[in-house]
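Asker: Turn this into a model:
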Amino acid sequence: MTDRETWSEFICSPMRAGRHLASIGRNAVGAMADAVDQASLQDFLSRIDDERAIELLAQFVDLSVGGYVAFVAEKLHGLLDALSNEKRAGFETVGPGLRGQVQWDRTLVARRAGALPVGRYYSRVAHRTFDMPINRVLAWLIHDLSAGLRSIKTQVGSQRLTPAMERMDAQLQEALGHHWLADVEPSGNVQADLALSRIDVGRGAYRDVLALTRRRLRLQERDDERRWQEIVSLLAVGWLEPLNDDDLYELYALVLVLDILEEDLGLGAPVKIDLVRPGRREIAMFEAGDRTVSVFFDQSFSGIIGRPARYETTTASTPGLSSYPRRPDIIIAGADQAGRIDRTILLEVKNTSDPTYVAESIYRGFGYLHDFQDAGTFAADQVNCVLLVNGVIGAQPAAHRDLTVITSNMREHLAKVLDAGFNS
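Answerer: Residues are numbered from 1 along each chain as shown. From the prediction side, this is the model:
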């Protein structure tokens, strides 16, 4: 089994929903995995305070795994160029040339009454129209997918769309301007048009339109309980798998830390969970007696503590220099009853077996410890920084007084460090 397979197997264990802590953005791809236990998933989702975060995740996963990307890329353009249509006849005034089926009786009566001049005729004229139930459903689907992508861009930024989503967004905008679709209003009663559309369907692409529309409608159920069940069913098997091995290893480390806090330290399930999205606070918060233990992922130490680090202070006071807050991969923070953070342990996660890179990462870890020293959240006699690597070291951790290097399969060693820091 490859490293990637090992990490994915742990992350996607049916008994945990930590797979959904993958970063919502362009560095992930929609994937399917073994179903999460329904009770575990519902418990996980219930601990997310912001319902918009759940809807964002469901939207991102659905647009990634629901088959829309392939339909838009492979079938939509051809469908629009061969859009179903029908002829509808209506009465018009024509002339001087004759067109359609002239209604001579009506024409003569109108002329005698002075309502119609010579050279003009009443005629029954047939016109081609694309305003059919199936096309109204198609227009609805295109508008709905476009609106879904627009919602994602509003919440996380357009730069976080996956490349496939970016292509789909451009293709949908092109479709909305198609000369035949432009005359078709999106369905105002899509359920009714779906029912009527069954008699109009003669091509495979239209069958896809109906199937994809029904899928989108299930996630937009007005009944809260039914919509919730659809979201749970989607997220039970669909997830956002990091494309890059380094990102997947970081997710593996995050899920591992949460599992250790819950199981090995006996803190139980977190009381609060958030997703990896812009504007987040802690990813998870645990209760430990009258204290809390919070886990932060890829967030600045100074932002969490509420005071600038030494590096930021120094660069800010030096003319011509600029900097940004440094962000260890994972920060675990203990706080008292008042919410004041008084203990932190940093984790740097490196998917490497290169001794030189590991050595450089150790130096980086010591840099963090010095940079954040003024916060007063490090213990004098305990490990304050863990470098979690994917190889190189032997059977025992490589340790300094306040920094240790371990591999991610040394679960018991990582558990001891966290236990000493937050459960003593």
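Asker: for the protein, what helix or strand is lowest in average pLDDT?
Answerer: strand 398-399 (a mean of 62; mean pLDDT, DSSP states H and E).
Asker: roughly how far out does the longest helix belonging to the chain sit from the chain middle?
Answerer: When the chain is parsed with DSSP state H, its longest helix is helix 133-156. With CA atoms, centre = their mean, to the nearest Å as the basis, helix 133-156 stands 16 Å off its chain's centre.
Asker: Likewise for stretch 378-394?
Answerer: 32 Å.
Asker: Could you count how many residues lie near Thr404?
Answerer: Using other CB atoms under 10 Å, Thr404 has 23 other residues around it. Where you see a C-beta, it was placed from the backbone N, CA and C, and this is true even at glycine.
Asker: Direction included, what does the helix or strand hosting it pair up with?
Answerer: Under the criterion of DSSP states H and E, Thr404 resides in strand 403-407. In the sheet, strand 403-407 lines up against strand 385-389 (parallel), strand 398-399 (antiparallel) (DSSP bridges).
Asker: Phe71 and Asp208 touch, don't they?
Answerer: Yes. If you go by CB atoms under 8 Å, Phe71 and Asp208 touch, sitting 5.3 Å apart.
Asker: Show me where this protein dips below the pLDDT cut-off.
Answerer: 85-90, 125-128, 198-202, 392-399, 424 (pLDDT under 70).
Asker: related to what we said a few turns ago, what's the distance between the strand holding Thr404 and the middle of its chain?
Answerer: The chain centroid and the centroid of strand 403-407 are separated by 32 Å, computed with CA atoms, centre = their mean.
Asker: what's the answer for stretch 257-269, then?
Answerer: On CA atoms, centre = their mean, the centre of stretch 257-269 falls 26 Å from that of its chain.
Asker: any idea what sits nearest the residue nearest the centre of the chain, other than its immediate chain neighbours?
Answerer: Against the mean C-alpha coordinate of the chain, by CA atoms, centre = their mean, the closest residue is Phe60 at 3.6 Å. Spatially, and ignoring its direct neighbours in sequence, Phe60 is nearest to Ile24 (5.5 Å; CB to CB, 6 or more residues apart in numbering).
Asker: If I follow the layout properly, that neighbour ends up in contact with Val156?
Answerer: Yes. Using CB under 8 Å, Ile24 is in contact with Val156, at 6.0 Å.
Asker: Strands of the stretch 251-400 of the chain, start to end?
Answerer: Ranges of strands in the stretch 251-400 of the chain, per DSSP state E, counting those that start in this stretch, are 272-273, 284-288, 291-297, 330-335, 341-350, 385-389, 398-399.
Asker: What strands flank the fourth one, and is each parallel or antiparallel?
Answerer: If I follow you right, that is strand 330-335. Take DSSP bridges as the rule and strand 330-335 pairs in its sheet with strand 291-297 (antiparallel), strand 341-350 (antiparallel).
Asker: what ranges do the helices span in the stretch 151-300 of the chain?
Answerer: 163-176, 190-197, 204-218, 224-237, 245-259 (DSSP state H, counting those that start in this stretch).
Asker: can you pull the buried residues of the third one?
Answerer: Going back to what we said before, that points to helix 204-218. For helix 204-218, a neighbour-count test (16 or more other CB atoms under 10 Å) marks Ala205, Tyr206, Asp208, Val209, Leu210, Leu212, Thr213, Arg215, Arg216, Leu217, Arg218 as buried.
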